[in-house]
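Undergrad: below: sequence and its predicted model.
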Amino acid sequence: MENIKQTYTCPMHPEVIRNEPGLCPGCGMALIPKTSAAKEDKPDGYDISELSHKNHEAAMPARHSLGDGGTNPQMAKKMEQDMRRRFWVSFLLSIPIFLYSPVGEKVLGLVLFSPISINWLLLILTTPIVFWTGSIFITGTYYSLKARKLNMSVLIATGVLAAYLFSVLLTLLRPESETFYEAAALLVTFVLFGHWMEMKSRRGTSDALRALFDLVPPQARVVRDGREVSVPSSEIIHNDIVVLRPGDKVPVDGIVTEGESAIDESLVTGESIPVSKKNGDKVIGGSVNQTGTVKFKATQVGSETVLAHIIKLVETAQNSKAPGQRIADTAAGWLVVVAVGSGLAAFFGWYFGAGAGLLTALTFAISTVVIACPDALGLATPTAVAVGTGIGAKHNILIKDAATLENTSRINAIILDKTGTLTEGRPKVTDVVALNGFNEHDVLRYEASLEAGSNHPLSKSIFEETVKRNALPLEPIENFESIAGYGLKARIAGKIVFAGKEKLLQNNGIATEPMRNVLDQLAGEGKTLSLLAVDGIFAGVVAAADPPRPNSKKTVAALKKLGMEVVMITGDHAKVAEGVGKELGIDRVFAEVLPEDKAKYVKKLQSEGKFTAMVGDGINDAPALAQADIGIAIGAGTDVAIETGNIVLMKSDPYDIVAALRLSKATVTKMKQNLFWAAIYNLLAIPVAAGVFYNSLGWSLRPEISALLMSASSIIVATNAVLLKRVEPGLKK
């Protein structure tokens, strides 16, 4: 089978390339896939069933354990455990190093016994910290310099190795002199602690993903060779017949072939009410069978399933870069140059300019390089993006990438499709008006007979009303003709029957003006009308209304409160559209718009200088969704919606639009806060570390204190991003 073989790279150090997943030697982050064409025995990506197979976690193939975005819970846990182990080893060794150091002696007044020279003891204790726990920074520096790039690893390794190697030189040449071993050890320790806290906060954002991974059962029942057997969900193949008993989780997507049941799809689509399933209906992997026993044919397996697409979407979003991050990356690159330049300037300024000793000059130089490390700047937006997309996924709001998450906050005009978005999408007959000697049963029977072969929602509602009023049986029809955009025509019991829009009757010479008041009144109430004519006589009208969703009016009011211009677009008659718009509080309505023309109206708003969002069902609204600055697909447990919209609202609740906007605005606020604190911190700290205020105010920072402060800035940024979770309770208020 043709397939894709993965190589893996680090998002922070793209020069690092491996054939297997793992951790970046430069920063400890998970390597993410970098695709190259090859052949392999399984499809590209991951098998979601295999990922969820808890009994085989230890034996899980490496490429499956990572997934496509590097946010698989097992990998995240492995990353955190490795960084935690490095930190604790470094921390425990740093305690005696600090106590035996000149700082311990001068600050704490400690005079401790040592069986050998103190500097030799410090050398023995510091070496494993530098070359094992801190090896990720040294190897990261190698790869960065090899690629002719300067990054955070270069700064950290420069500070650590400068302090360590200079101390080793002093130990060899002047064994009793003051050294910097504690600076090297504590720098590694504090930076490792910052990285550990960052990974801990990142892993905390994957709760929604872990829940999604766990939706697929490890085992499933399938029919093989005429008998029912239990197999791992990862071994289900196309066209397998899968058996679901009450309480079973659905392992893959498929079509029901036998039996009836109610299936709870809330964990996948957000719909709280179990959905009745019978022969021919689709089932979604990750949902839960409630009552009956059913069999279904597997149609999408592994990475093809809706659930796998959702997980891939969330992973991609959490690993993508927001527009603001590109600015931060550029700033961080320049800050590395500033840091190295400032360190050199501090050294030469103190050693040659001020005539200070080598020890003093080197102290200021190392402190400057360490404090200028843009670690916090690199974390500023990725941590906020990871938390924001995780919160969205938890609330069935799937945001495709970081750019969408950021740009959603810029929306100032939002276009809402009426049918299926603001309304239920299932019209119900509200009025049956009989005219010219016909009765209501006649009108319904003719209408239902003509509409019997149609899947249009209005046709279904007419048939349901006919059954409800006991107006059966239907009449046989002949010479059926569908007149696009207008309605239907057929011969029923020897009579020519028309049913559809008013224009259909008018085009065939049938007068409708005598009933103008009735037609205008029904249309003014936001109802859709189907006019019936039998043998040239206007026989009656069937009126149906597509009721608004419970939260539609609340949604419109909330969007206006957020400063949005709210527009409704629909293919319905202008009077119907205006009636619905008036009921919901929407002032600007585009009516009688064909699906292929909706994109033109999106362009119209864009030409007015508006940053637009289009909200639709992801199928017939696809062109408009693509044209809008942000496309939002609503009510969609379907592949089409996932592929079409920038944001997918898995529930059919329009108020999730408001939640998505609030989440975006809150996330962007956190990004800006993080960028500010990360940048201002470095800019203010560099002069202090370089000793600019030492002679006038006595301010100075030893390298180990600089390391502590630099690490603290990273922790502050990561913690601030996690605080984004505080907006969660208010998303849907």
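TA: Arrived safely. Owing to the predicted nature of the structure, the values given are computational and were not obtained by experimental measurement.
Undergrad: the lowest-mean-pLDDT helix or strand in the chain: what's the following helix or strand?
TA: When the helices and strands of the chain are scored by mean pLDDT, DSSP states H and E, helix 62-66 comes last with a mean of 25. Heading C-terminal from helix 62-66, the first helix or strand you meet, by DSSP states H and E, is helix 73-100.
Undergrad: so what's the gap between that following helix and the chain middle?
TA: Chain-centre distance of helix 73-100: 31 Å, with C-alpha atoms, centre = their mean, to the nearest Å.
Undergrad: same check, this time on stretch 296-312
TA: Remark: stretch 296-312 is offset 18 Å from the chain centroid, using C-alpha atoms, centre = their mean.
Undergrad: how long is that stretch from one end to the other?
TA: 25 Å (C-alpha to C-alpha, to the nearest Å).
Undergrad: so which bits of that stretch are buried?
TA: Judged by neighbour count using 16 or more other C-beta atoms under 10 Å, the buried positions of stretch 296-312 are 296, 298-312. The way it works is simple: take the backbone N, C-alpha and C, and place the C-beta from them, glycine included.
Undergrad: next: stretch 553-561.
TA: 553, 555, 556, 558, 559.
Undergrad: export those to JSON lines and tack on pLDDT?
TA: Formatted as JSON lines, those follow (pLDDT from 0 to 100):
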{"residue": "553", "pLDDT": "93"}
{"residue": "555", "pLDDT": "94"}
{"residue": "556", "pLDDT": "95"}
{"residue": "558", "pLDDT": "94"}
{"residue": "559", "pLDDT": "95"}
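Undergrad: which one among these gets closest to residue 81?
TA: Taking C-beta to C-beta as the measure, residue 81 lies nearest residue 558 of these, at 43.3 Å.
Undergrad: how about the contacts made by the closest one?
TA: Residues near residue 558 by C-beta atoms under 8 Å, 6 or more residues apart in numbering: 655, 658.
Undergrad: surely it is within a helix?
TA: Yes: Residue 558: assigned to a helix according to DSSP: H, G, I helix; E, B strand; the rest coil.
Undergrad: correct me, but residue 633 touches residue 647?
TA: Yes: counting by C-beta atoms under 8 Å, residue 633 touches residue 647, with 7.3 Å between them.
Undergrad: in the sheet, who's paired with residue 298?
TA: As for beta bridges, residue 298 partners with residue 254 under DSSP bridges.
Undergrad: same check, this time on residue 397
TA: Assessed by DSSP bridges, residue 397 has beta-bridge partners residue 649.
Undergrad: residues contacting it?
TA: Contacts of residue 397 by C-beta under 8 Å, 6+ apart are 647, 648, 649, 650, 656, 659, 660, 663.
Undergrad: nearest to residue 125 among these?
TA: residue 663 (48.0 Å).
Undergrad: could you check the pLDDT of that closest one?
TA: Looking at residue 663, its pLDDT stands at 93.
Undergrad: in CSV, list the contacts of residue 397 along with neighbour count and distance to residue 232.
TA: Formatted as CSV, the contacts of residue 397 follow (neighbours: other C-beta atoms under 10 Å; distance: C-beta to C-beta, whole Å):
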residue, neighbour count, distance to residue 232
647, 26, 34
648, 29, 29
649, 29, 33
650, 27, 27
656, 28, 35
659, 24, 37
660, 27, 36
663, 26, 37
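Undergrad: from the residues you listed, which has minimum pLDDT?
TA: residue 650 (79).
Undergrad: show me what contacts residue 583?
TA: The contact partners of residue 583, by C-beta under 8 Å, 6+ apart, come to 526, 548, 553.
Undergrad: recalculate using a threshold of 10 Å.
TA: Counting by C-beta atoms under 10 Å, 6 or more residues apart in numbering, residue 583 touches 422, 525, 526, 547, 548, 552, 553, 556.
Undergrad: from those residues, which two are the most distant?
TA: Maximum distance among the contacts of residue 583 (C-beta to C-beta): 18.7 Å, for 525 and 556.
Undergrad: what touches both of residue 633 and residue 647?
TA: Counting by C-beta under 10 Å, 6+ apart, the residues touching both residue 633 and residue 647 are 398, 615, 625.
Undergrad: wait, residue 502 sits on residue 529?
TA: Yes: in this structure, residue 502 is within contact of residue 529 by C-beta atoms under 10 Å, at 7.2 Å.
Undergrad: got any residues that touch both of these two?
TA: Contact criterion C-beta under 10 Å, 6+ apart; residues shared by residue 502 and residue 529: 519, 523, 541, 573.
Undergrad: nearest to residue 132, of those?
TA: Proximity of those to residue 132 (C-beta to C-beta) peaks at residue 573, which lies at 75.0 Å.
Undergrad: pLDDT score assigned to the closest one?
TA: If you check residue 573, the pLDDT there is 73.
Undergrad: for it, what are phi and psi?
TA: Residue 573 adopts backbone torsions of phi -60, psi 150, taken as degrees, to the nearest 10.
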